[in-house]
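*Asks:* Provide a 3D model corresponding to the input given below.
(one chain, ligands or ions: 2)
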Amino acid sequence: MTTKSSLLKVILLGDGGVGKSSLMNRYVSNKFDSHLFHTIGVEFLNKELEVDGHTVTLQIWDTAGQERFRSLRTPFYRGSDCCLLTFSVEDNQSFLNLNNWKKEFAYYADVRDPDKFSFVVLGNKVDVAERQVSMEEAQRWCQENGGYPYFETSAKDATNVSAAFEEEAVRRVLSSEDRAEHLLPTDTVDLRRKPRANGSCC
Ligand SMILES: Nc1nc2c(ncn2[C@@H]2O[C@H](COP(=O)(O)OP(=O)(O)OP(=O)(O)O)[C@@H](O)[C@H]2O)c(=O)[nH]1
Ligand SMILES: [Mg+2]
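*Replies:* Numbers count the residues shown, from 1 in each chain. Ligands and ions are numbered 1, 2, ... in the order given. Take a look at the predicted model:
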């Protein structure tokens, strides 16, 4: 089997405090800090993974969700392959703001058709007992906005974190394998074919 490698730029967006940095730390270092400082600007970390014999490097960009850092984060949206729109299930406002995050991303990343872009939605902090956003509400929003995959995550107890980060990588590898299997050899030249008799052109 041939081994292919590729790089995927994955960017985390969402309100300040929803748990973006905690999700990245849980995924890359398997650590959780219950007193994390707000992010200022952006930070990125790489993580390599194997999908079906393919090596994929996820380059994960963690951004500052607080409004005052808007101008520090937006220059880094361009070139993203996947955007993880994150909210906290214990904070309804962070869920309502998903629309604004989607718009901000589409504008600064210069995405023509946001409904066709690879957004993945994460409802984080599902370990907390008192929810303000139900799973059904979140799933409905994803359906109505282009059928985005939805994951209920907890950076604290590691629920669904790898699955959410790896969703796009897995989808791309599997769909490229699928395409390769169904590819017809359209660009071959039949060398045995006889040339035209009179050599006329056009
Ligand atoms: N209970 C619980 N707390 C969490 C979870 N994820 C993050 N937290 C806590 O929520 C707080 C904010 O988390 P951060 O990861 O800093 O949030 P952020 O989205 O990066 O915030 P900004 O950097 O300001 O955009 C921290 O105190 C975390 O410990 C989770 O899954 N469950
Ligand atoms: Mg942060």
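*Asks:* Look up how far Gln143 lies from Arg68.
*Replies:* According to CB to CB, to the nearest Å, Arg68 and Gln143 sit 33 Å apart. All C-beta atoms are positioned from the backbone trio N, CA, C, and that covers glycine.
*Asks:* and if you look at Leu8?
*Replies:* From Leu8 to Gln143 the distance is 25 Å (CB to CB).
*Asks:* So between the two, which is more surrounded?
*Replies:* Neighbours per residue, other CB atoms under 10 Å: of Leu8 and Gln143, the larger number sits with Leu8, 19 against 11.
*Asks:* Please verify my assumption that that one contacts Leu58.
*Replies:* Yes: the pair Leu8 and Leu58 passes the contact test of CB atoms under 8 Å, sitting 5.5 Å apart.
*Asks:* what residues are shared contacts of those two?
*Replies:* Contact criterion CB atoms under 8 Å, 6 or more residues apart in numbering; residues shared by Leu8 and Leu58: Ala169.
*Asks:* what is the residue nearest the centre of the chain paired to in the beta sheet?
*Replies:* Per CA atoms, centre = their mean, the C-alpha nearest to the average position across the chain is that of Cys82, at 3.1 Å. Partner residues in beta bridges with Cys82, using DSSP bridges, are Val10.
*Asks:* just checking, it touches Glu168?
*Replies:* Yes: counting by CB under 8 Å, Cys82 touches Glu168, with 4.0 Å between them.
*Asks:* okay, and the common contacts of those two?
*Replies:* Counting by CB under 8 Å, 6+ apart, the common neighbours of Cys82 and Glu168 are Leu8, Val10, Ser118, Val120.
*Asks:* Appreciated, that's everything.
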